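Colleague: Task: produce atomic coordinates for the following.
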Amino acid sequence: DAMKQFEGTLGEMFCMRFVTKLANDHNILTFLTANSSTVIRIQPPLILTQAQAEYFIKSFETVCHEMATFLD
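Modeller: I've put the predicted structure just below:
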């Protein structure tokens, strides 16, 4: 069905834009999984400080707010 394919494409575009914003705006590398281009994979370092975890959470939240109008 064409509409389902369109919705799937929008989901893929959204996820790609999300990981791009994390990288470009916040210097956080994330990836899309090999099995699905609508699943975001994070890979924190083995040793993660509280400050780094809080920075990631704040950055993720910021991108969520910025992307809330993706389809508007």
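
Colleague: which stretches of the chain form helices?
Modeller: Taking DSSP state H as the criterion, the chain contains helices spanning 2-26, 50-67.

Colleague: For residue 37, which of the ones you listed is the nearest?
Modeller: Distances from residue 37 to each of those were compared using Cβ to Cβ; the shortest belongs to helix 2-26, at 4.6 Å. Where C-beta positions appear, they are placed from N, C-alpha and C, glycine not excepted.

Colleague: By mean pLDDT, show me the worst of the helices of the chain.
Modeller: For the helices of the chain, mean pLDDT drops lowest on helix 2-26, to a mean of 87.

Colleague: Name the surrounding residues that touch that helix.
Modeller: With contact meaning Cβ atoms under 8 Å, 6 or more residues apart in numbering, helix 2-26 is reached by 28-32, 37-40, 55, 59-60, 62-63, 66-67, 70-71.

Colleague: Filter the residues you listed down to the buried ones, PyMOL style.
Modeller: Applying 16 or more other Cβ atoms under 10 Å to the contacts of helix 2-26, the buried members can be selected in PyMOL as follows:
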select buried, resi 28+30+32+40+59+60+63
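
Colleague: Can I get the helices of the chain in CSV including distance to residue 44?
Modeller: Putting the helices of the chain into CSV (distance: least, Cβ to Cβ, whole Å) gives the following:
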stretch, distance to residue 44
helix 2-26, 13
helix 50-67, 7
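
Colleague: Check which residues of stretch 5-18 are buried.
Modeller: Buried positions in stretch 5-18, judged by neighbour count with 16+ other Cβ under 10 Å: 15, 18.

Colleague: Next: stretch 21-30.
Modeller: Burial within stretch 21-30, assessed by neighbour count using 16+ other Cβ under 10 Å, is assigned to 21-22, 26, 28, 30.

Colleague: gap between the two ends of it?
Modeller: Using Cα to Cα, to the nearest Å, one end of stretch 21-30 lies 10 Å from the other.
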